[in-house]
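Novice: below is the sequence, then the predicted model.
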Amino acid sequence: MNYRHAFHAGNHADVLKHLVLARIFALLARKDAPLAYLDSHAGVGLYDLTGEQATRTGEWEQGIGRLWPLAEVPPPVADYLAFVRGLNPDGRLRFYPGSPELARRATRPQDRLHLNEKHPDDGRLLKANMADDDRVAVHLGEGWHVPRALMPTAEKRVVLLIDPPFEQADELSRCVDALKEALGRMRQTVGVIWYPIKAIRQLRRFHQALAGCGAPKLLQVELYVHPTDDPDRLNGSGLAIANPPWGLEDELRTVLPWLATQLAQSAGGWELNWLIEEQPAVETQPATVPKAGERSAAPASSRPGQPARTARGDKPAPASKASAGPDRVPKAGQRSGTPSAGSKRNGRANKPGASRGKPTRG
Ligand SMILES: C[S@@+](CC[C@H](N)C(=O)[O-])C[C@H]1O[C@@H](n2cnc3c(N)ncnc32)[C@H](O)[C@@H]1O
């Protein structure tokens, strides 16, 4: 366990993760019912960007450092920035909220937070940083055990963040296993997996595994700041979101192009894609035996080859250049859609409703 998040706090990947997390909490807050937030790999919770570790890499300067001085930002970004500004009331950017502090600020008195961190030093710091909030429980155990150990929760609604350091080769598949475990215990879990994007082709199997994880619906959100073909560099990051709250997709369609432009380094781009689209409930009709010569037709939405519906099932999937039935799956070596500069999408299926950003230059 060599990874220390303090070196990376506030970078472009944190901005994407924390912005989306903040929106998830905001959208879920439309209902009063309490929710539980589970953070399997929590880090220390709060970061000092003037500290030795953050200063050594300076990664935050290309992340939160770019958004901080902007006077005008899209409303969802303004809400996320308000949490960061709340930590820096004198107007100078110094403190940055990790996922625990962000969740603490974005949740309500009726909500509960379970934060888990395995590294003993980071765990101690996390405890100290969260000490004043009696809604928070800090656990110092194994992150992969969090769904099994803590779910189902007393609260009927749960947000689970799975954000490991990706030091081990098997962590992508462990993320999928942890999500499956969570969904098996609470099917409506809003499950968020963060993942790094280096060479995009390395993620093909991960995306396929996610598509088969059994979530009722699952959204893939990616943001690139470099071409996605250099395996030795963090070129971007992604979030796989099981059961995203209604409205999140539309917000992200507005915010991602803006964010890709703001955070692009050598080349920026984004992608939003339903890896699992919600199946509309099939209406049950009283069984009638078709008369001779009469056809029995399945409802249009459940016919094979029809695009499935989006989010709530009451709106058709948005028309998209990338919309394709199974016959449009690109062959190996063939690009699908308009990739961001330098990014490779070889052999990946374009699902209906997929959107991809044009390349933007940094
Ligand atoms: C990417 S950081 C978490 C960042 C945090 N979620 C945030 O957004 O602010 C990953 C954390 O996982 C911790 N960690 C590593 N292996 C772990 C394990 N097996 N179980 C729990 N935590 C682990 C590391 O010490 C590190 O603090």
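Specialist: Received it, and whenever you're ready, just let me know what you need.
Novice: tell me if stretch 175-184 is near the ligand.
Specialist: No: among the residues of stretch 175-184, none lie within reach of the ligand under CB under 6 Å from any ligand atom; the closest is 10.4 Å away. C-betas here are computed from N, CA, C, even on glycine.
Novice: what residues does that stretch touch?
Specialist: Stretch 175-184 is contacted from outside by 40, 144, 146-148, 151, 158, 160, 162, 164, 189, 191, 193, 195, 206, 209-210, 213-215, 240, 242, using CB atoms under 8 Å, 6 or more residues apart in numbering.
Novice: return the residues in contact with the most centrally placed residue in the chain.
Specialist: The residue lying closest to the centre of the chain (CA atoms, centre = their mean) is L239, at 2.8 Å. L239 sits next to L16, K17, V20, V192, I193, W194, Y195, Q220, V221, E222 when contact means CB under 8 Å, 6+ apart.
Novice: and if we set it to 10 Å?
Specialist: Contact analysis of L239 by CB atoms under 10 Å, 6 or more residues apart in numbering lists 13, 16-17, 19-21, 24, 161, 163, 192-195, 219-223, 252.
Novice: could you look up the SS state of G141?
Specialist: At G141 the chain is in coil, as set by DSSP: H, G, I helix; E, B strand; the rest coil.
Novice: that one contacts K118, correct?
Specialist: Yes: G141 lies in contact with K118 (CB atoms under 10 Å); the separation is 6.7 Å.
Novice: comparing those two, which shows the higher neighbour count?
Specialist: K118 (19 against 14; other CB atoms under 10 Å).
Novice: just to revisit the earlier point, list phi and psi for the residue nearest to the centre of the chain.
Specialist: Reported as degrees, to the nearest 10, the phi and psi values for L239 are phi -130, psi 130.
Novice: is the residue lying closest to it once chain neighbours are set aside bridged to anything, and to what?
Specialist: Ranked by CB to CB, 6 or more residues apart in numbering and with sequence neighbours excluded, the top spatial neighbour of L239 is V221, at 4.6 Å. With DSSP bridges applied, V221 shows beta-bridge pairing to L239, L272.
Novice: isn't V221 right up against I197?
Specialist: No: with contact defined as CB under 10 Å, V221 and I197 do not form a contacting pair (11.2 Å).
Novice: shared neighbours of these two, anything?
Specialist: Applying CB under 10 Å, 6+ apart, one finds that V221 and I197 are jointly contacted by S237, G238, E271.
Novice: just the buried ones among those, please.
Specialist: Neighbour counting over these (16 or more other CB atoms under 10 Å) leaves S237, G238, E271 as the buried ones.
Novice: and the one helix or strand the first one maps to, how far from the chain's centre?
Specialist: Counting by DSSP states H and E, the secondary-structure element that holds S237 is strand 236-242. On the basis of CA atoms, centre = their mean, to the nearest Å, strand 236-242 is displaced by 4 Å from the centre of the chain it belongs to.
Novice: then stretch 125-134?
Specialist: Relative to where its chain is centred, stretch 125-134 has its mean C-alpha point 25 Å off (CA atoms, centre = their mean).
Novice: check stretch 204-215 too.
Specialist: Taking mean C-alpha positions (CA atoms, centre = their mean), stretch 204-215 and its chain are 14 Å apart.
Novice: again with stretch 118-125
Specialist: Using CA atoms, centre = their mean, the distance from the centre of stretch 118-125 to the centre of the chain it belongs to is 25 Å.
Novice: am I right that L160 sits in a helix?
Specialist: No: according to three-state DSSP, the state of L160 is strand, so it is not within a helix.
Novice: P245: neighbouring residues, count only.
Specialist: A count of nearby residues for P245, using other CB under 10 Å, gives 21.
Novice: residues in contact with it?
Specialist: The neighbourhood of P245, defined by CB under 10 Å, 6+ apart, consists of 23-31, 157, 159, 190, 251, 311.
Novice: reformat these as TSV; add pLDDT.
Specialist: As requested, these are exported to TSV (pLDDT from 0 to 100):
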residue	pLDDT
R23	98
I24	98
F25	98
A26	98
L27	98
L28	98
A29	98
R30	98
K31	98
R157	98
V159	99
V190	98
E251	98
A311	26
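Novice: pull up the overlap in contacts between G141 and K118.
Specialist: Contact criterion CB under 10 Å, 6+ apart; residues shared by G141 and K118: S40.
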